[in-house]
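A.B. asks: what shape does this take:
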Amino acid sequence: MRILYPPRPETCIPPHQLSNYEGGEWLAQRKFNGTRNPIQITEDGQVNLFNRHGTTHKQFELTPDIADQILSLNLEKGLEYWLDSELLHRKTKNPAYKSRIVLYDVLCVGTYLFGKPDQEARLAILDKICGSPTKLEPNEGIALEITENVWMAQTWESQFVEHYEKFIHMDEIEGLVLRKRKSVIDSLGTSGNDVAKWILRVRKPHKNYNF
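C.D. replies: Here you go, the predicted structure:
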């Protein structure tokens with residue numbers, strides 16, 4: 001089976017630079033403190049979860065119930081899908097955030113989305129797949145609720161500093177991820193270490209890094 005390795009941010013920027021990226025070519029989403037979780041939905045309706053290295057998770061097993069929740073999305077039968085997401089599980093102690101999957105990009109709809117569409121258009125495709133959710137998840141409201149265990153990341157064009165600061169106190173939130181709205185996935189990743197210049201991380205201070 002061919003594994004799709006999603007691109008990772010090439011660069012981190014410090015939080016005090018966030019305002020420099022507002023009101024133009026960048027979009028922002030929350031950076032969740034979880035495990036990278038590319039999801040494959042096969043043409044015959046099988047659901048497979050991977051980590052960024054292309055292997056299955058060691059500390060999480062997909063249950064039939066969560067698989068059914070993923071299959072309840074607006075998916076066209078007979079097409080292969082790859083969705084990019086974060087799995088909140090082993091890095092959180094809060095049971096309300098265990099076994100939660102937060103979707104934030106789409107990589108394949110019948111065909112791999114390389115070269116086109118751009119990031120903004122891919123997010124519109126993801127929104128349609130997710131049913132355009134508007135209700136926040138029922139705990140702290142860190143994402144949009146699709147089903148009990150499957151959520152969608154919010155995306156913003158402005159107020160990056162405010163969005164960064166709002167939930168930074170939570171263990172489940174690391175900061176923000178910035179994405180160029182007109183950027184495209186320009187190659188099929190060959191390993192979990194492939195990086196993209198059109199994605200930036202903005203992380204809260206930690207003992208292992210300065211930002």
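
A.B. asks: residue 152 contacts residue 103, doesn't it?
C.D. replies: Yes - if you go by CB atoms under 8 Å, residue 152 and residue 103 touch, sitting 4.9 Å apart. C-beta here means a position set from N, CA and C on the backbone, and glycine is covered the same way.

A.B. asks: overlap in contacts, the two.
C.D. replies: Counting by CB atoms under 8 Å, 6 or more residues apart in numbering, the common neighbours of residue 152 and residue 103 are 126, 130, 146.

A.B. asks: for the first one, which three-state class applies?
C.D. replies: Using DSSP: H, G, I helix; E, B strand; the rest coil, the structure places residue 126 in helix.

A.B. asks: ok, it touching residue 152?
C.D. replies: Yes - when contacts are counted by CB under 8 Å, residue 126 is listed as touching residue 152 (7.1 Å).

A.B. asks: any shared contact partners between those two?
C.D. replies: 103, 104.

A.B. asks: so how far is the helix-or-strand element of the chain with minimal mean pLDDT from its chain's centroid?
C.D. replies: When each helix and strand of the chain is scored by mean pLDDT, DSSP states H and E, strand 8-12 comes last, with a mean of 84. Centroid displacement of strand 8-12 relative to its chain, using CA atoms, centre = their mean, to the nearest Å, is 14 Å.
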